[in-house]
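K.L.:
got a sequence here, can you build the structure:
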Amino acid sequence: MGERSSFKRVALISFLVLVWGVTWPIYKIALHYTPPILFAGMRTLIGGLLLVLLFIPRRSQIRWKQNWSKYFISSIFNVTVFYSVQTVGLIYLPSGLFSVIVYLQPVLVGILAWLWLGESMSLMKVMGLILGFLGVAAVSAGQFSGHVAVLGIVLALIAAASWAIGTVYVKKVSGQVDSLWLVAFQCVFGGIFLTGLGSGVEEWSQITWNMPYLFGLIFGIVLGISASWVVYFILVNAGDASVVASYTFLVPLIAVITGTLFLNEPFTPSLIAGLLLIGVSIYLVNRKPNAKIGQAGKPSYLES
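P.N.:
Model (predicted):
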C-alpha cells in the first residue's frame, strides 16, 4: 500500500509540474488573439462547469448551507485575483520571468502554513525554501536584463500572495469541505466574476477564433484549470502544504525551457545551476530527520 501511495504521489506531482510548466508559454501565445480578462474568465468558468458535471454523482458532498462561504473565499484568492492578475501580467513580462516571480508562492506557503496551520518550520525547511526560490531566479537570470515593466512585477507578486493565501486556506478547511466540489465552485464563481468583468471592460469582438487561441482555451479548460487544480488540492490535503508547494519550484524551469524552444525567449547557461538548487531545495523541504511513523486520523486521497 505504501509503495502504491508513493508511486501515485510521484505520478500526480509529475503531471502537475508538467502541465503548469507548459501552461505559461501556451497562454502567452493565446493572449496575442484575445483580451486577457475574458480569456481568464472563459477558461475558468467553462472548466468549473465541466467539473460540476463530472462531480454530480457526489452532489451529496456539497453541503451548500455549511460551505458556501468557503467556496466563495477560495474563489477570491485562487481564481478571481490569481487568474486576473496572472493573465494581465503575462502581457508585460516574458512568460518565464513572470512565472519566476509568481513562484515566490512556495516560500509564502511555507511561512503561512507555519503561522496559520502550525506546520513544522525547521531550519532545514527554511534553507530549502530559500534555495528553491534562488534556483527559480537562477533559471531565468538572463531574462532580468533589458526593459522590465514594473507593473508586470507588481502583478506577479500579487498573484503569488493570492495563490499562497488560497492554498493555505484550502488546507485549513480541508476537513470541513469536499475538496473536489471546492475546486469546481471556486472555478465557477471566479469564472463568472472574471467573464462579467471582461465583458464590461473588454470587447468580445477582439477575440480571434484561430487555432492558437482555441488550443490555449481548450488546454486551459481541461488541463490548466480542471485537472490541475483537482490534482493540486488532492496533494495539498494529503500532505504538508509547504512540502507540496516545494515541488512547484520545478514549474518555472519547464516554463523557461518551453518558452525558449517555442517563443524564442532568452536561454541562459544558469538553467543547470537553477535545476541543481531546486533539486537540493526539494530534498531539504521533504527531508524529515525525526520522521514519525504513521499519522493516525490524517485523511489521504493517495492511498485509494
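
K.L.:
in the stretch 101-250 of the chain, where is pLDDT below threshold?
P.N.:
136, 139-148, 240-242 (pLDDT under 70).

K.L.:
which stretches in it count as helices?
P.N.:
Using DSSP state H, counting those that start in this stretch, the helices of the stretch 101-250 of the chain run over 105-112, 123-139, 150-172, 179-201, 211-219, 228-238, 241-247, 250-263.

K.L.:
so which of those helices is the most surrounded?
P.N.:
Burial of those is given as mean neighbour count (mean count of other CB atoms under 10 Å); helix 241-247 ranks first at a mean of 26. Any C-beta I mention is one placed from the backbone N, CA and C, and that applies to glycine too.

K.L.:
can you give me the offset of it from its chain's centre?
P.N.:
11 Å (CA atoms, centre = their mean, to the nearest Å).

K.L.:
which residues are contacting that helix?
P.N.:
13, 16-17, 105-106, 109-110, 113-114, 117, 119, 121, 125, 128-129, 132, 164, 167-168, 171, 232, 235-236, 281-282, 285-286 (CB atoms under 8 Å, 6 or more residues apart in numbering).

K.L.:
same thing but 6 Å
P.N.:
Here helix 241-247 makes contact (CB atoms under 6 Å, 6 or more residues apart in numbering) with 13, 106, 109-110, 113, 119, 132, 167-168, 171, 235-236, 282, 285-286.

K.L.:
do you know which of the helices of the stretch 101-250 of the chain lies nearest Arg9?
P.N.:
Arg9 lies closest, by CB to CB, to one member of those: helix 228-238, at 7.1 Å.

K.L.:
state the distance from Phe193 to Tyr83.
P.N.:
According to CB to CB, to the nearest Å, Phe193 and Tyr83 sit 10 Å apart.

K.L.:
swap in Ser228?
P.N.:
Distance, Ser228 to Tyr83, using CB to CB: 12 Å.

K.L.:
how about Gly198?
P.N.:
Going from Gly198 to Tyr83 by CB to CB gives 11 Å.

K.L.:
wait, isn't Ile46 in contact with Val222?
P.N.:
No: with contact defined as CB atoms under 6 Å, Ile46 does not count as touching Val222 (9.4 Å).

K.L.:
who's more crowded, these two?
P.N.:
Per other CB atoms under 10 Å, whichever of Ile46 and Val222 has more neighbours is Ile46, with 21 against 16.

K.L.:
now the host helix or strand of the more buried one: buried residues?
P.N.:
Here Ile46, judged by DSSP states H and E, is contained in helix 36-55. Applying a neighbour-count criterion of 16 or more other CB atoms under 10 Å, one finds 36-52, 55 buried in helix 36-55.

K.L.:
quick check: mean pLDDT of that helix?
P.N.:
Across helix 36-55, pLDDT averages out at 94.

K.L.:
which residues touch it?
P.N.:
Residues outside helix 36-55 that contact it (CB under 6 Å, 6+ apart) are 79, 83-84, 87-88, 180, 184, 187-188, 190-191, 194-195, 197-198, 202, 217, 220-221, 225-226.

K.L.:
quick check: angle from whichever strand or helix holds Arg9 to helix 250-263?
P.N.:
Taking DSSP H and E as the criterion, Arg9 maps to helix 2-30. Using axes from the mean of the first three to the mean of the last three CA atoms, to 10 degrees, the inter-axis angle of helix 2-30 relative to helix 250-263 is 40 degrees.

K.L.:
pull the distance from helix 2-30 to the chain's centre.
P.N.:
10 Å.

K.L.:
what packs against that helix?
P.N.:
The contact analysis (3 or more CB pairs under 6 Å, 6 or more residues apart in numbering; DSSP states H and E) places helix 2-30 against helix 95-102, helix 211-219, helix 228-238, helix 250-263.

K.L.:
the ones you listed into CSV, with extra columns for distance to Ala273?
P.N.:
CSV is the format used below for these (distance: least, CB to CB, whole Å):
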stretch, distance to Ala273
helix 95-102, 14
helix 211-219, 30
helix 228-238, 27
helix 250-263, 11
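
K.L.:
for the nearest residue to Gln61 once chain neighbours are set aside, give me phi and psi.
P.N.:
The spatial neighbour of Gln61 that comes closest, neighbours along the chain excluded (CB to CB, 6 or more residues apart in numbering), is Asp178 at 3.9 Å. Note on Asp178: backbone dihedrals following degrees, to the nearest 10 are phi -70, psi 120.
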